[in-house]
Every structure is written in structure tokens, then in C-alpha cells.
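Novice: Could you work out the structure for the sequence below:
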Amino acid sequence: MQSKNLYSKLIGILLLASSVTASAQVYVGGGLGVVKPKISCWTEYLCNKSEASFKLIGGYTVDKNFAIELNYFDLGSQDFSFSSYQEKSVYHIKSSALSLTGLVSHHFTDNLGGFAKFGFAHIKSIDKFSASHREIESLNYVAQTTYKDPHFQLGVGLTYKLSDQLSLRAEYEQFRLKSCVQRTAFQTVNVGAQYAF
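Specialist: Prediction:
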């Protein structure tokens, strides 16, 4: 009797696993776009610049309304400079990020869908600072610092299905980083595609 119950439980587990596997899909993708950092810093510096960026996507569709994604971002590099007659200083910031997010999606039509995402991003920033003075040579120096900062990530986007496997994708994402110039809010807008296996 116990063996029959055990067999029935095993069969139920196998059927459940097969149904989950049938509805789940692995997908990969990528996108190109623009990143705009908003940096809290001294008023003498020009602190808002847009740069080209790209991202790589690996995802797992749990069901039609939920997915899990691993993303890699290249957030480009930005230069922030200040100069006067006697002195000049430059910040150079190069950043990248690795994030794990959950996606909640809604299908407006058979082909068009939207999603919201929330998760954690691990952001790495390499900051270089150089300063020079026309008259005081001892004030000339170069420094480099690496920051690693986990933070929340938010995003929204749209998808448009071209076929059962291929979809176009556009999204807006935001996360923050603590760097040598205080707090940096990265805002990215990118378009790309994803392919489901």
C-alpha cells in the first residue's frame, strides 16, 4: 500500500515537472542604447552627459506573466571637467553592471506586451581623477579608485513578437551608484531583440 502511494506521488511530481518545463522557456538577447548619469557634485563641473551603452540578456520564462533575467550592462564612460586659468581637473568614470531581476508582464495583444522589472544590480565603477596646476607643480596628481556597490534596479519595457522565437524589445531602466563624485543615478534607454529556445 505504501509503495503504491509512493509511486503515485512520484508520478505526480514527474507530471508537474513536465508541465512546468513545457511552459518555461530560456531566452537570450541584447540591446543598444543610451545611458545618462545624473551626478550630485559641485556646481563648477558639467555633470550630466549621455553615452552609448549595450546590454546582454539571459532569461528564463516561468510562465506567460513572470520571468527571471540576468543582465550585463556596459554603461560606457563619462568625463567631467573643470578648468580655469591656473588649474584643470578631470573625472573619468567607466562603469558596468550585473543584475538579477524579476519581470512581471502583461499582453496587450497577441504580439504586443509590456513588462515591469525589479531586482538587484551589482555596479562596478572605475574612477580616475587628474588635476594639474599651472604654477604649483606639487598639485599635479592622478588617482584611481574602484567602487563596487549593490543597489536596487527598476525598469519598464515593451516587447513585440515577430515569431514564436524572436521578439523586439525596448526598455527604460534605472539604478544608482556611489562613486567619487557622491551619488550617481544611471538611466538607460535601449532597444534590442530576444530569442527564445
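Novice: for this structure, which spans come out with low pLDDT?
Specialist: For the chain, the stretches flagged by pLDDT under 70 are 1-24, 38-50, 82-87, 133-145, 147, 177-184.
Novice: How are the helices of it distributed by residue range?
Specialist: Secondary structure of the chain by DSSP state H: the helices cover 2-23.
Novice: Tell me which stretches of it form strands.
Specialist: Assigned by DSSP state E, the chain shows strands spanning 25-39, 51-63, 66-83, 87-107, 112-133, 141-161, 166-179, 182-196.
Novice: Dump the ones you listed into CSV; add mean neighbour count as well.
Specialist: The C-beta positions use only the backbone N, C-alpha and C, and glycine is treated the same way. CSV is the format used below for the strands of the chain (neighbours: other C-beta atoms under 10 Å):
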stretch, mean neighbour count
strand 25-39, 18
strand 51-63, 17
strand 66-83, 18
strand 87-107, 17
strand 112-133, 17
strand 141-161, 15
strand 166-179, 19
strand 182-196, 17
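Novice: wouldn't Lys124 be in contact with Ser96 here?
Specialist: Yes. With contact defined as C-beta atoms under 8 Å, Lys124 reaches Ser96; the gap is 5.4 Å.
Novice: Glu173 against Gln153, yeah?
Specialist: Yes. With contact defined as C-beta under 8 Å, Glu173 reaches Gln153; the gap is 6.4 Å.
Novice: which neighbours do these two share?
Specialist: Common neighbours of Glu173 and Gln153, counting by C-beta atoms under 8 Å, 6 or more residues apart in numbering, are Lys117.
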